[in-house]
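A.B. asks: how would this look folded up:
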Amino acid sequence: MLDIKFLRENPDIVKENIKKKFEDAKLPLVDEVISLDIERREIQAEADSLRADKNKISKEIGALMAQGKKEEAEEIKKKVAEFSQRLKELEEKAPAVDEEIKKRMMIIPNIIDPSVPIGKDDSENVEVQKYGDPVVPDFEIPYHTDIMERFAGIDLDSARKVAGTGFYYLMGDIARLHSAMTAYARDFMIEKGFTYVIPPFMIRSAVVDGVMSFDEMDSMMYKIEGEDLYLIGTSEHSMIGRFIDSIVDENTLPLTLTSYSPCFRKEKGSHGLEERGVYRIHQFEKQEMIVVCKPEESMDWFNKLWSYTVELFRSLDVPVRTLECCSGDLADLKVKSLDVEAWSPRQKKYFEVGSCSNLGDAQARRLKIRVKGEDGNKYLAHTLNNTVVAPPRMLIAFLENNLNADGSVNIPVALRPYMGGKEKLVPTK
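C.D. replies: Have a look, this model is predicted:
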(Lines give C-alpha, C1' and ligand atoms only; values in the text may rest on other atoms or scores of the structure.)
Protein backbone atom coordinates (compact mmCIF):
# COMPACT_ATOMS: atom_id res chain seq x y z
CA MET A 1 0.00 0.00 0.00
CA LEU A 2 1.31 3.43 -0.94
CA ASP A 3 1.84 6.36 1.39
CA ILE A 4 -1.19 8.63 0.86
CA LYS A 5 1.10 11.67 1.13
CA PHE A 6 3.12 10.31 -1.81
CA LEU A 7 -0.05 9.76 -3.84
CA ARG A 8 -1.36 13.23 -2.95
CA GLU A 9 1.87 14.88 -4.10
CA ASN A 10 2.63 12.58 -7.07
CA PRO A 11 -0.67 11.53 -8.71
CA ASP A 12 0.86 11.43 -12.20
CA ILE A 13 3.61 9.04 -11.07
CA VAL A 14 1.03 6.75 -9.48
CA LYS A 15 -1.11 6.79 -12.63
CA GLU A 16 1.87 6.08 -14.86
CA ASN A 17 2.80 3.15 -12.63
CA ILE A 18 -0.75 1.77 -12.99
CA LYS A 19 -0.43 2.02 -16.77
CA LYS A 20 2.91 0.18 -16.69
CA LYS A 21 1.13 -2.65 -14.91
CA PHE A 22 -1.64 -2.63 -17.53
CA GLU A 23 -4.30 -2.06 -14.87
CA ASP A 24 -5.96 0.96 -16.47
CA ALA A 25 -9.28 0.15 -14.79
CA LYS A 26 -7.64 1.33 -11.55
CA LEU A 27 -6.73 4.79 -12.88
CA PRO A 28 -9.90 6.48 -11.53
CA LEU A 29 -8.96 5.31 -8.03
CA VAL A 30 -6.19 7.91 -7.84
CA ASP A 31 -8.52 10.88 -8.35
CA GLU A 32 -11.11 9.28 -6.06
CA VAL A 33 -8.53 8.98 -3.27
CA ILE A 34 -7.41 12.59 -3.77
CA SER A 35 -11.02 13.79 -3.59
CA LEU A 36 -11.74 11.72 -0.48
CA ASP A 37 -8.49 12.86 1.10
CA ILE A 38 -9.50 16.50 0.60
CA GLU A 39 -12.88 15.74 2.18
CA ARG A 40 -11.21 13.99 5.10
CA ARG A 41 -8.84 16.87 5.76
CA GLU A 42 -11.72 19.35 5.54
CA ILE A 43 -13.61 17.29 8.12
CA GLN A 44 -10.55 17.31 10.35
CA ALA A 45 -10.00 21.05 9.94
CA GLU A 46 -13.64 21.86 10.72
CA ALA A 47 -13.62 19.52 13.72
CA ASP A 48 -10.42 21.08 15.08
CA SER A 49 -11.87 24.57 14.63
CA LEU A 50 -15.12 23.60 16.36
CA ARG A 51 -13.26 22.08 19.32
CA ALA A 52 -11.19 25.25 19.72
CA ASP A 53 -14.25 27.51 19.52
CA LYS A 54 -16.22 25.27 21.85
CA ASN A 55 -13.45 25.30 24.46
CA LYS A 56 -13.07 29.06 24.15
CA ILE A 57 -16.75 29.99 24.63
CA SER A 58 -17.34 27.28 27.25
CA LYS A 59 -14.97 29.19 29.52
CA GLU A 60 -17.24 32.24 29.23
CA ILE A 61 -20.27 30.45 30.71
CA GLY A 62 -18.92 30.35 34.26
CA ALA A 63 -17.94 34.01 34.17
CA LEU A 64 -21.35 35.08 32.88
CA MET A 65 -23.15 33.00 35.50
CA ALA A 66 -21.00 34.59 38.20
CA GLN A 67 -22.02 38.01 36.91
CA GLY A 68 -25.68 37.01 36.98
CA LYS A 69 -25.97 37.11 33.20
CA LYS A 70 -27.94 33.89 32.98
CA GLU A 71 -29.66 34.66 29.67
CA GLU A 72 -26.36 35.32 27.95
CA ALA A 73 -24.93 32.16 29.54
CA GLU A 74 -27.90 30.15 28.26
CA GLU A 75 -27.36 31.48 24.72
CA ILE A 76 -23.74 30.39 24.84
CA LYS A 77 -24.81 26.96 26.13
CA LYS A 78 -27.05 26.62 23.07
CA LYS A 79 -24.08 27.49 20.89
CA VAL A 80 -21.93 24.90 22.67
CA ALA A 81 -24.68 22.31 22.11
CA GLU A 82 -24.75 23.19 18.40
CA PHE A 83 -20.97 22.78 18.21
CA SER A 84 -21.23 19.45 20.03
CA GLN A 85 -23.89 18.17 17.63
CA ARG A 86 -21.86 19.19 14.59
CA LEU A 87 -18.73 17.59 16.09
CA LYS A 88 -20.64 14.38 16.61
CA GLU A 89 -21.73 14.41 12.95
CA LEU A 90 -18.15 15.00 11.78
CA GLU A 91 -16.74 12.33 14.10
CA GLU A 92 -19.25 9.81 12.74
CA LYS A 93 -18.51 10.77 9.14
CA ALA A 94 -14.68 10.67 9.38
CA PRO A 95 -14.31 6.87 9.85
CA ALA A 96 -16.55 6.20 6.84
CA VAL A 97 -14.40 8.47 4.66
CA ASP A 98 -11.24 6.84 6.07
CA GLU A 99 -12.64 3.43 5.16
CA GLU A 100 -13.38 4.52 1.59
CA ILE A 101 -9.83 5.87 1.26
CA LYS A 102 -8.35 2.63 2.64
CA LYS A 103 -10.52 0.48 0.36
CA ARG A 104 -9.05 2.23 -2.69
CA MET A 105 -5.49 2.52 -1.38
CA MET A 106 -5.41 -1.23 -0.74
CA ILE A 107 -5.84 -1.99 -4.44
CA ILE A 108 -3.67 0.75 -5.95
CA PRO A 109 -0.44 -1.08 -6.92
CA ASN A 110 2.91 -0.38 -5.32
CA ILE A 111 5.46 1.64 -7.32
CA ILE A 112 7.60 -0.86 -9.24
CA ASP A 113 11.37 -0.57 -9.36
CA PRO A 114 12.74 1.24 -12.47
CA SER A 115 14.65 -1.93 -13.42
CA VAL A 116 11.45 -3.98 -13.87
CA PRO A 117 10.80 -4.82 -17.57
CA ILE A 118 7.47 -3.59 -18.92
CA GLY A 119 5.15 -6.34 -20.13
CA LYS A 120 1.50 -7.41 -19.97
CA ASP A 121 1.82 -10.87 -18.43
CA ASP A 122 4.21 -13.74 -17.64
CA SER A 123 4.73 -14.44 -21.34
CA GLU A 124 6.80 -11.26 -21.41
CA ASN A 125 9.05 -12.12 -18.45
CA VAL A 126 12.73 -11.81 -19.27
CA GLU A 127 15.38 -14.52 -18.89
CA VAL A 128 18.34 -13.23 -16.89
CA GLN A 129 20.79 -16.13 -16.69
CA LYS A 130 21.10 -19.92 -16.87
CA TYR A 131 23.01 -21.99 -14.33
CA GLY A 132 24.13 -25.48 -15.29
CA ASP A 133 23.81 -27.20 -18.64
CA PRO A 134 20.28 -28.35 -19.50
CA VAL A 135 20.64 -31.94 -20.70
CA VAL A 136 18.20 -34.11 -22.62
CA PRO A 137 19.27 -37.76 -22.18
CA ASP A 138 19.12 -40.33 -24.97
CA PHE A 139 16.43 -42.31 -23.14
CA GLU A 140 12.80 -41.47 -22.51
CA ILE A 141 11.99 -39.78 -19.21
CA PRO A 142 8.55 -40.78 -17.87
CA TYR A 143 6.06 -38.39 -16.28
CA HIS A 144 7.06 -37.65 -12.67
CA THR A 145 4.24 -39.68 -11.11
CA ASP A 146 5.24 -42.67 -13.29
CA ILE A 147 8.79 -42.38 -11.96
CA MET A 148 7.47 -42.27 -8.40
CA GLU A 149 5.25 -45.31 -8.99
CA ARG A 150 8.32 -47.36 -9.99
CA PHE A 151 9.49 -46.83 -6.40
CA ALA A 152 6.01 -47.54 -4.97
CA GLY A 153 6.30 -43.95 -3.80
CA ILE A 154 2.95 -42.32 -4.61
CA ASP A 155 -0.74 -43.15 -4.29
CA LEU A 156 -3.04 -40.63 -5.96
CA ASP A 157 -6.11 -42.88 -6.18
CA SER A 158 -6.38 -43.35 -2.40
CA ALA A 159 -5.76 -39.62 -1.85
CA ARG A 160 -8.70 -38.79 -4.13
CA LYS A 161 -10.96 -41.04 -2.07
CA VAL A 162 -9.78 -39.50 1.18
CA ALA A 163 -9.50 -35.79 0.26
CA GLY A 164 -10.34 -35.33 -3.44
CA THR A 165 -8.17 -34.19 -6.32
CA GLY A 166 -5.10 -32.09 -5.61
CA PHE A 167 -3.84 -34.35 -2.80
CA TYR A 168 -1.45 -37.30 -2.64
CA TYR A 169 0.19 -39.96 -0.50
CA LEU A 170 3.99 -40.13 -0.70
CA MET A 171 5.60 -43.34 0.54
CA GLY A 172 8.89 -45.12 1.03
CA ASP A 173 12.00 -43.67 -0.58
CA ILE A 174 10.02 -40.92 -2.34
CA ALA A 175 8.54 -39.72 0.98
CA ARG A 176 12.00 -39.91 2.53
CA LEU A 177 13.43 -37.93 -0.38
CA HIS A 178 10.76 -35.29 0.15
CA SER A 179 11.67 -34.94 3.84
CA ALA A 180 15.39 -35.02 3.05
CA MET A 181 15.00 -32.01 0.77
CA THR A 182 13.26 -29.89 3.41
CA ALA A 183 15.82 -30.90 6.05
CA TYR A 184 18.70 -30.11 3.70
CA ALA A 185 17.12 -26.75 2.75
CA ARG A 186 16.68 -25.93 6.44
CA ASP A 187 20.34 -26.60 7.23
CA PHE A 188 21.46 -24.85 4.03
CA MET A 189 19.77 -21.63 5.18
CA ILE A 190 21.00 -21.97 8.77
CA GLU A 191 24.52 -22.11 7.34
CA LYS A 192 23.75 -18.83 5.58
CA GLY A 193 23.08 -17.26 8.98
CA PHE A 194 19.27 -17.45 8.97
CA THR A 195 17.28 -18.30 12.10
CA TYR A 196 15.11 -21.39 11.75
CA VAL A 197 11.42 -20.91 12.64
CA ILE A 198 8.31 -23.09 12.66
CA PRO A 199 5.42 -20.56 12.54
CA PRO A 200 1.65 -20.82 13.07
CA PHE A 201 -0.08 -22.46 10.13
CA MET A 202 -3.18 -20.27 10.48
CA ILE A 203 -3.44 -16.49 10.55
CA ARG A 204 -6.10 -13.89 11.32
CA SER A 205 -7.74 -11.68 8.72
CA ALA A 206 -5.76 -8.62 9.88
CA VAL A 207 -2.56 -10.40 8.89
CA VAL A 208 -4.04 -11.62 5.59
CA ASP A 209 -4.94 -8.02 4.70
CA GLY A 210 -1.41 -6.97 5.55
CA VAL A 211 0.58 -9.49 3.55
CA MET A 212 -1.24 -9.88 0.25
CA SER A 213 -3.62 -8.34 -2.26
CA PHE A 214 -7.34 -9.11 -2.29
CA ASP A 215 -7.04 -10.91 -5.65
CA GLU A 216 -4.33 -13.19 -4.26
CA MET A 217 -6.37 -13.88 -1.13
CA ASP A 218 -9.46 -14.86 -3.11
CA SER A 219 -7.54 -17.23 -5.39
CA MET A 220 -5.35 -18.77 -2.68
CA MET A 221 -6.64 -18.76 0.88
CA TYR A 222 -8.84 -21.30 2.65
CA LYS A 223 -11.04 -19.72 5.34
CA ILE A 224 -11.83 -21.60 8.55
CA GLU A 225 -15.63 -21.65 8.85
CA GLY A 226 -16.89 -19.67 11.83
CA GLU A 227 -13.43 -18.45 12.83
CA ASP A 228 -11.34 -15.38 12.10
CA LEU A 229 -8.64 -17.69 10.75
CA TYR A 230 -7.18 -18.64 7.37
CA LEU A 231 -4.88 -21.52 6.47
CA ILE A 232 -1.58 -20.12 5.25
CA GLY A 233 -0.69 -20.37 1.56
CA THR A 234 2.98 -19.89 2.45
CA SER A 235 4.82 -19.39 5.73
CA GLU A 236 5.86 -15.92 4.60
CA HIS A 237 2.37 -14.81 5.64
CA SER A 238 2.70 -15.78 9.30
CA MET A 239 6.40 -14.90 9.39
CA ILE A 240 5.83 -11.29 8.34
CA GLY A 241 2.68 -11.22 10.45
CA ARG A 242 4.85 -11.92 13.50
CA PHE A 243 5.93 -8.26 13.41
CA ILE A 244 2.45 -6.74 13.13
CA ASP A 245 2.06 -3.41 14.97
CA SER A 246 5.61 -3.52 16.35
CA ILE A 247 8.62 -1.23 16.61
CA VAL A 248 11.89 -2.94 15.72
CA ASP A 249 15.20 -1.65 17.01
CA GLU A 250 17.36 -0.61 14.05
CA ASN A 251 20.37 -2.31 15.65
CA THR A 252 18.68 -5.71 15.27
CA LEU A 253 18.33 -5.38 11.49
CA PRO A 254 18.44 -7.21 9.21
CA LEU A 255 16.18 -9.94 10.56
CA THR A 256 16.90 -13.05 8.48
CA LEU A 257 14.57 -15.98 9.05
CA THR A 258 13.96 -19.33 7.35
CA SER A 259 10.72 -21.16 8.03
CA TYR A 260 9.19 -24.55 7.43
CA SER A 261 5.45 -25.05 7.02
CA PRO A 262 2.76 -26.94 5.21
CA CYS A 263 0.97 -24.69 2.71
CA PHE A 264 -2.68 -24.77 1.63
CA ARG A 265 -3.94 -23.26 -1.62
CA LYS A 266 -7.21 -23.30 -3.52
CA GLU A 267 -5.43 -23.28 -6.90
CA LYS A 268 -8.58 -22.09 -8.69
CA GLY A 269 -9.11 -22.71 -12.37
CA SER A 270 -8.39 -25.57 -14.75
CA HIS A 271 -4.86 -26.70 -15.36
CA GLY A 272 -3.16 -28.49 -18.23
CA LEU A 273 -1.70 -31.95 -18.48
CA GLU A 274 1.72 -30.83 -17.24
CA GLU A 275 0.19 -29.47 -14.03
CA ARG A 276 -1.37 -32.71 -12.79
CA GLY A 277 0.36 -35.15 -10.43
CA VAL A 278 2.13 -33.20 -7.68
CA TYR A 279 2.79 -30.04 -9.69
CA ARG A 280 -0.27 -27.95 -8.73
CA ILE A 281 -1.84 -29.20 -5.52
CA HIS A 282 -3.89 -28.00 -2.56
CA GLN A 283 -1.43 -29.06 0.14
CA PHE A 284 2.35 -29.10 0.11
CA GLU A 285 5.35 -28.29 2.27
CA LYS A 286 7.91 -25.57 1.79
CA GLN A 287 11.03 -24.02 3.22
CA GLU A 288 10.85 -20.24 2.96
CA MET A 289 13.19 -17.33 3.67
CA ILE A 290 12.20 -13.82 4.72
CA VAL A 291 14.12 -10.65 5.49
CA VAL A 292 13.10 -7.51 7.37
CA CYS A 293 15.66 -4.79 6.71
CA LYS A 294 16.44 -1.11 6.24
CA PRO A 295 15.07 0.39 2.98
CA GLU A 296 18.52 1.07 1.57
CA GLU A 297 19.51 -2.60 2.00
CA SER A 298 16.50 -4.29 0.41
CA MET A 299 17.81 -4.56 -3.15
CA ASP A 300 21.08 -6.10 -1.96
CA TRP A 301 19.07 -8.65 0.02
CA PHE A 302 16.85 -9.30 -2.99
CA ASN A 303 19.86 -10.40 -5.01
CA LYS A 304 21.22 -12.50 -2.16
CA LEU A 305 17.95 -14.34 -1.63
CA TRP A 306 17.39 -15.59 -5.16
CA SER A 307 21.07 -16.53 -5.44
CA TYR A 308 20.67 -18.84 -2.44
CA THR A 309 17.91 -20.75 -4.25
CA VAL A 310 20.06 -21.07 -7.35
CA GLU A 311 22.95 -22.34 -5.23
CA LEU A 312 20.77 -24.93 -3.50
CA PHE A 313 19.35 -26.33 -6.74
CA ARG A 314 22.78 -26.54 -8.33
CA SER A 315 24.07 -28.45 -5.28
CA LEU A 316 21.42 -31.07 -6.12
CA ASP A 317 22.50 -31.26 -9.79
CA VAL A 318 19.43 -29.45 -11.12
CA PRO A 319 20.05 -26.86 -13.87
CA VAL A 320 18.07 -23.64 -13.34
CA ARG A 321 17.53 -20.24 -14.85
CA THR A 322 16.40 -16.91 -13.42
CA LEU A 323 13.53 -14.99 -14.94
CA GLU A 324 12.80 -11.31 -14.27
CA CYS A 325 9.07 -10.80 -13.78
CA CYS A 326 7.66 -8.05 -15.97
CA SER A 327 5.39 -5.27 -14.69
CA GLY A 328 2.14 -7.02 -15.62
CA ASP A 329 3.17 -10.20 -13.78
CA LEU A 330 3.85 -8.45 -10.47
CA ALA A 331 1.30 -8.71 -7.66
CA ASP A 332 0.16 -5.27 -6.47
CA LEU A 333 2.36 -5.19 -3.36
CA LYS A 334 5.59 -6.15 -5.15
CA VAL A 335 8.34 -3.72 -6.13
CA LYS A 336 10.40 -6.33 -7.96
CA SER A 337 10.23 -10.10 -8.41
CA LEU A 338 12.40 -12.82 -9.90
CA ASP A 339 11.43 -16.44 -10.54
CA VAL A 340 13.78 -19.40 -10.36
CA GLU A 341 12.91 -22.10 -12.90
CA ALA A 342 14.25 -25.64 -13.01
CA TRP A 343 15.09 -27.56 -16.18
CA SER A 344 12.72 -30.35 -17.18
CA PRO A 345 14.53 -32.75 -19.51
CA ARG A 346 11.22 -34.53 -20.16
CA GLN A 347 9.46 -31.35 -21.34
CA LYS A 348 12.67 -29.85 -22.72
CA LYS A 349 11.89 -26.55 -21.03
CA TYR A 350 12.12 -24.78 -17.66
CA PHE A 351 9.32 -24.56 -15.08
CA GLU A 352 8.86 -22.40 -11.98
CA VAL A 353 10.15 -23.77 -8.67
CA GLY A 354 10.52 -20.58 -6.62
CA SER A 355 9.85 -16.86 -6.55
CA CYS A 356 11.81 -14.06 -4.87
CA SER A 357 10.01 -10.80 -4.07
CA ASN A 358 10.90 -7.37 -2.74
CA LEU A 359 7.78 -5.72 -1.35
CA GLY A 360 9.40 -2.45 -0.30
CA ASP A 361 7.50 -0.92 2.61
CA ALA A 362 4.03 -2.06 1.40
CA GLN A 363 3.57 -4.88 3.90
CA ALA A 364 5.19 -2.85 6.66
CA ARG A 365 2.75 0.03 6.07
CA ARG A 366 -0.26 -2.28 6.16
CA LEU A 367 0.98 -4.14 9.25
CA LYS A 368 2.54 -1.10 10.96
CA ILE A 369 6.04 -2.58 11.15
CA ARG A 370 8.25 0.35 12.14
CA VAL A 371 11.95 0.69 12.82
CA LYS A 372 13.33 2.94 15.54
CA GLY A 373 16.56 4.55 14.34
CA GLU A 374 19.49 5.58 16.49
CA ASP A 375 18.22 9.18 16.32
CA GLY A 376 14.91 8.08 17.81
CA ASN A 377 12.95 8.65 14.61
CA LYS A 378 10.73 5.87 13.27
CA TYR A 379 10.42 4.65 9.68
CA LEU A 380 8.88 1.68 7.85
CA ALA A 381 10.92 -1.47 7.33
CA HIS A 382 11.29 -3.22 3.97
CA THR A 383 10.25 -6.87 3.68
CA LEU A 384 11.36 -9.59 1.28
CA ASN A 385 10.56 -13.26 0.80
CA ASN A 386 11.82 -16.13 -1.32
CA THR A 387 11.25 -19.84 -1.74
CA VAL A 388 14.16 -21.98 -0.59
CA VAL A 389 12.53 -25.16 -1.81
CA ALA A 390 9.01 -26.53 -2.28
CA PRO A 391 9.57 -30.30 -2.41
CA PRO A 392 6.66 -31.32 -4.68
CA ARG A 393 8.07 -29.31 -7.58
CA MET A 394 11.61 -29.92 -6.44
CA LEU A 395 10.84 -33.65 -6.53
CA ILE A 396 9.81 -33.33 -10.18
CA ALA A 397 12.98 -31.45 -11.11
CA PHE A 398 15.19 -33.70 -9.00
CA LEU A 399 13.83 -37.01 -10.29
CA GLU A 400 13.95 -35.96 -13.94
CA ASN A 401 17.48 -34.57 -13.76
CA ASN A 402 18.97 -37.41 -11.70
CA LEU A 403 17.22 -40.32 -13.45
CA ASN A 404 19.33 -43.04 -15.07
CA ALA A 405 18.44 -45.21 -18.06
CA ASP A 406 17.87 -48.23 -15.80
CA GLY A 407 15.27 -46.32 -13.77
CA SER A 408 17.51 -45.67 -10.77
CA VAL A 409 17.95 -42.15 -9.37
CA ASN A 410 21.30 -40.69 -8.31
CA ILE A 411 21.53 -39.03 -4.89
CA PRO A 412 23.89 -36.00 -4.99
CA VAL A 413 26.59 -35.82 -2.31
CA ALA A 414 24.87 -32.93 -0.49
CA LEU A 415 21.69 -34.96 0.06
CA ARG A 416 23.24 -38.31 1.05
CA PRO A 417 23.50 -37.58 4.81
CA TYR A 418 19.72 -37.03 4.82
CA MET A 419 19.11 -40.28 2.91
CA GLY A 420 21.01 -42.61 5.22
CA GLY A 421 24.15 -42.43 3.08
CA LYS A 422 22.44 -43.83 -0.03
CA GLU A 423 24.12 -42.95 -3.30
CA LYS A 424 21.31 -44.21 -5.50
CA LEU A 425 17.64 -45.14 -5.32
CA VAL A 426 16.71 -48.40 -7.06
CA PRO A 427 13.14 -48.90 -8.31
CA THR A 428 11.04 -51.73 -6.89
CA LYS A 429 8.99 -52.07 -10.09
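
A.B. asks: Neighbours of Arg40, how many?
C.D. replies: 19 (other CB atoms under 10 Å). For every residue, glycine as well, the C-beta is placed using N, CA and C.

A.B. asks: Next up, phi/psi of it, please.
C.D. replies: For Arg40, the backbone dihedrals (degrees, to the nearest 10) come out as phi -60, psi -40.

A.B. asks: Just confirm it contacts Ala96, I think it does.
C.D. replies: No - Arg40 lies out of contact with Ala96 (CB atoms under 8 Å); the separation is 9.9 Å.

A.B. asks: Now do the buried residues in the strand or helix carrying Phe6.
C.D. replies: Following DSSP states H and E, one finds Phe6 within helix 4-9. Using 16 or more other CB atoms under 10 Å as the burial criterion, the residues of helix 4-9 that qualify are 4, 7-8.

A.B. asks: so which of these comes closest to Glu100?
C.D. replies: Ile4 (12.4 Å; CB to CB).

A.B. asks: residues touching the closest one, list them.
C.D. replies: Contact analysis of Ile4 by CB atoms under 8 Å, 6 or more residues apart in numbering lists 33, 37, 101, 105.

A.B. asks: who wins for neighbours among those?
C.D. replies: Val33 (24 neighbours).

A.B. asks: Would you enumerate the residues in contact with it?
C.D. replies: Counting by CB under 8 Å, 6+ apart, Val33 touches 4, 7, 101, 104-105, 108.

A.B. asks: export these to JSON lines and tack on distance to Asp24?
C.D. replies: Output for the contacts of Val33, formatted as JSON lines (distance: CB to CB, whole Å):
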{"residue": "Ile4", "distance to Asp24": "21"}
{"residue": "Leu7", "distance to Asp24": "17"}
{"residue": "Ile101", "distance to Asp24": "21"}
{"residue": "Arg104", "distance to Asp24": "15"}
{"residue": "Met105", "distance to Asp24": "18"}
{"residue": "Ile108", "distance to Asp24": "13"}
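
A.B. asks: Closest one of the buried residues of helix 4-9 to Ile240?
C.D. replies: Distances from Ile240 to those, taken by CB to CB, are shortest for Ile4, at 21.7 Å.

A.B. asks: quick one: low-confidence ranges for the stretch 151-300 of the chain?
C.D. replies: 214, 268-275 (pLDDT under 70).

A.B. asks: Helix, strand, or coil at Ala331?
C.D. replies: coil (DSSP: H, G, I helix; E, B strand; the rest coil).

A.B. asks: Surely it touches Met217?
C.D. replies: No - judged on CB under 8 Å, Ala331 makes no contact with Met217 at a distance of 10.8 Å.

A.B. asks: Quick one: list the elements packing against the helix or strand containing Asn385.
C.D. replies: According to DSSP H and E, Asn385 maps onto strand 382-389. Other helices and strands packing on strand 382-389, by 3 or more CB pairs under 8 Å, 6 or more residues apart in numbering; DSSP states H and E, are helix 172-191, helix 235-241, strand 283-293, helix 298-315, strand 349-358, helix 362-367.

A.B. asks: Redo those as CSV? Include distance to Glu324 and mean neighbour count.
C.D. replies: Listed next are these as CSV, based on distance: least, CB to CB, whole Å; neighbours: other CB atoms under 10 Å:
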stretch, distance to Glu324, mean neighbour count
helix 172-191, 23, 19
helix 235-241, 20, 26
strand 283-293, 19, 23
helix 298-315, 10, 19
strand 349-358, 11, 21
helix 362-367, 19, 24
